[in-house]
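*Asks:* Let me see the structure of the following:
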Amino acid sequence: MLVVDGLKLYTRKELASMLNVGIATIMNYQKKGELRSVKIGKAIYSSEEALRDFLNGRIPELRDRNKAESKQVIK
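*Replies:* Okay, here's the model as predicted:
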């Protein structure tokens with residue numbers, strides 16, 4: 001974990017361990033924008049706030065888009 005000005009930032013490996021998923025899964029969440037991230041140097045981090053938002057489903061644009069996509073699949 002990296003702390004910058006009181007902001008906790010987690011690496012993909014740390015997130016994968018906390019959520020009991022693989023690093024590839026974390027990468028997928030970040031790539032799709034479901035888990036916000038930032039690149040610092042060569043490493044990619046997600047903040048504690050981004051993790052909370054992800055866990056609470058607070059990304060309305062993606063949630064709405066996913067609902068629309070699932071309705072299309074059902075039809």
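*Asks:* Please, where are all the helices along this structure?
*Replies:* 12-19, 23-31, 48-55, 60-74 (DSSP state H).
*Asks:* lowest-confidence stretch among these?
*Replies:* When these are ranked by mean pLDDT, helix 60-74 comes last with a mean of 56.
*Asks:* Show me what stretch 21-32 is in contact with.
*Replies:* Contacts with stretch 21-32, where a contact means C-beta atoms under 8 Å, 6 or more residues apart in numbering, come from Arg12, Lys13, Leu15, Ala16, Leu19, Leu35, Arg36, Ser37, Ile44, Ser46, Phe54, Leu62. Just so you know, the C-beta spots here come from the backbone N, C-alpha and C atoms, and that holds for glycine as well.
*Asks:* Identify the residue spatially nearest to the residue nearest the centre of the chain, adjacent ones excluded.
*Replies:* To find the centre residue of the chain, average its C-alpha atoms and take the closest one (C-alpha atoms, centre = their mean): that gives Leu35, at 1.6 Å. Ranked by C-beta to C-beta, 6 or more residues apart in numbering and with sequence neighbours excluded, the top spatial neighbour of Leu35 is Tyr29, at 4.0 Å.
*Asks:* and that neighbour, how far is that from Ala16?
*Replies:* 10 Å (C-beta to C-beta, to the nearest Å).
*Asks:* again, but for Gly6
*Replies:* Distance from Gly6 to Ala16, by C-beta to C-beta: 24 Å.
*Asks:* Could you check which of these two has the larger neighbour count?
*Replies:* Ala16 (17 against 5; other C-beta atoms under 10 Å).
*Asks:* Measure how buried the nearest residue to Met18 once chain neighbours are set aside is and give me the count.
*Replies:* The shortest distance from Met18 to any non-neighbouring residue, by C-beta to C-beta, 6+ apart, is to Tyr10 (7.3 Å). By other C-beta under 10 Å, the residues close to Tyr10 number 20.
*Asks:* do the same with Thr25
*Replies:* Neighbourhood size, Thr25 [other C-beta under 10 Å]: 15.
*Asks:* try Ala50
*Replies:* Other residues close to Ala50 by other C-beta under 10 Å number 21.
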